[in-house]
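A.B. asks: model this:
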Amino acid sequence: MSHLTDRLDAIKAEGRSALIGYLPVGFPTVERSIRAMTVMVEAGVDIVEVGLPYSDPVMDGPVIQRAAEKALERGSQVADAFTAVRAVVDAGAPVVVMSYFNPMLQYGLERFADDLVSAGGSGAITPDLTPDAAGGWLEVARSRSLDTIFLVAPSSTNERLHMTARETSGFVYAASLMGVTGERATVGGGAEQLVAATRAAGAPRVCVGLGVSNGVQAAEVARYADGVIVGSALVRCLIDDDDESAALDALRAKTRELARGVRRES
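C.D. replies: Model prediction:
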């Protein structure tokens, strides 16, 4: 068991779903992004995804792409993610890094894993890496007790669901719809069925992301998922206002709205 799975299981025992918040390290600066992550924890996020900015983010929508581009322009590096991980763990939340595979490979898989462990991280989400192509990473991560989190989607075959459930630890990331990240008026209609099918394939914990942007949607997904993952709606708070104090106030308010949603509070 990891810090991540311990927290998810404890939250489930409370009779609710976890709120998982994503922010990219380095936007608008490394220091400000870390302060924003700790604000999320203080405002009710249970688990933090530290995003590693990448130049070819195939799964990310325009909001997260814009933030990642600015972070890279300002010199954000892989090592900054571990600084952020350490700060968020110190703030009291389990942390996973969300990274495309190429930056991990370029950094060195063993070095990446060792630095993640040293920072107190629980594991990594690899959105462009499937379990059948992840042999090297699986070996390195498992030898260090890091969670390996893979994605399923509405298009995933039954065979793919079983393979993903078997090779994933921590939680399976269920993409609620086909496409890139972003805020949407509704969450994909097939999300509940995807969670049920993934559980039937053997996954003990399934968290849903893509499209959740407000408390009502968070409450909807919390009815059937172990965790509700929110990214773009939180990143937008930092994009919409250059003033740090105002941006953090907006982030705090949005996080509290989402936290009430997963707790199904009015």
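
A.B. asks: Could you name the helices and strands sitting against the strand of greatest length in the chain?
C.D. replies: Secondary structure assigned by DSSP state E gives strand 18-24 as the longest strand of the chain. Strand 18-24 sits against helix 3-13, helix 30-43, strand 47-51, helix 62-73, strand 206-209, strand 227-230, helix 232-239, helix 244-262, with contacts defined as 3 or more CB pairs under 8 Å, 6 or more residues apart in numbering; DSSP states H and E. From N, CA and C alone the C-beta is placed, and that goes for glycine too.

A.B. asks: List the buried residues in the first one.
C.D. replies: If I follow you right, that is helix 3-13. H3, L4, T5, R7, L8, I11 (16 or more other CB atoms under 10 Å).

A.B. asks: gap between the closest residue to the third one other than its chain neighbours and S2?
C.D. replies: So that's T5. Here the nearest residue to T5 in space, its sequence neighbours aside, is G170; by CB to CB, 6 or more residues apart in numbering that works out to 6.0 Å. Using CB to CB, to the nearest Å, G170 is found at 7 Å from S2.

A.B. asks: okay, and the common contacts of those two?
C.D. replies: Both G170 and S2 are contacted by S122, G123, D147, under the criterion CB atoms under 8 Å, 6 or more residues apart in numbering.

A.B. asks: Among those, which lie within strands?
C.D. replies: If you go by DSSP E, the shared contacts of G170 and S2 have G123, D147 in strands.

A.B. asks: Average pLDDT for the longest strand of the chain, rounded please.
C.D. replies: The predicted model gives strand 18-24 an average pLDDT of 98.

A.B. asks: Then stretch 87-96?
C.D. replies: The average pLDDT for stretch 87-96 rounds to 98.

A.B. asks: Buried residues in it, which are they?
C.D. replies: A87, V88, V89, A91, A93, P94, V95, V96.

A.B. asks: can you check stretch 162-177 too?
C.D. replies: 162-165, 167-177.

A.B. asks: For stretch 119-131, measure first residue to last.
C.D. replies: Stretch 119-131 has an end-to-end distance of 25 Å (criterion: CA to CA, to the nearest Å).

A.B. asks: now do stretch 237-247
C.D. replies: End-to-end span of stretch 237-247 (CA to CA): 6 Å.

A.B. asks: which residues sit against that stretch?
C.D. replies: Under CB under 8 Å, 6+ apart, the answer for stretch 237-247 is 23, 27-28, 32-33, 35-36, 63, 66-67, 250-251, 254.

A.B. asks: Please repeat the previous calculation with a cut-off of 6 Å.
C.D. replies: Contact partners of stretch 237-247, identified using CB atoms under 6 Å, 6 or more residues apart in numbering, comprise R32, A36, A250, L251, K254.
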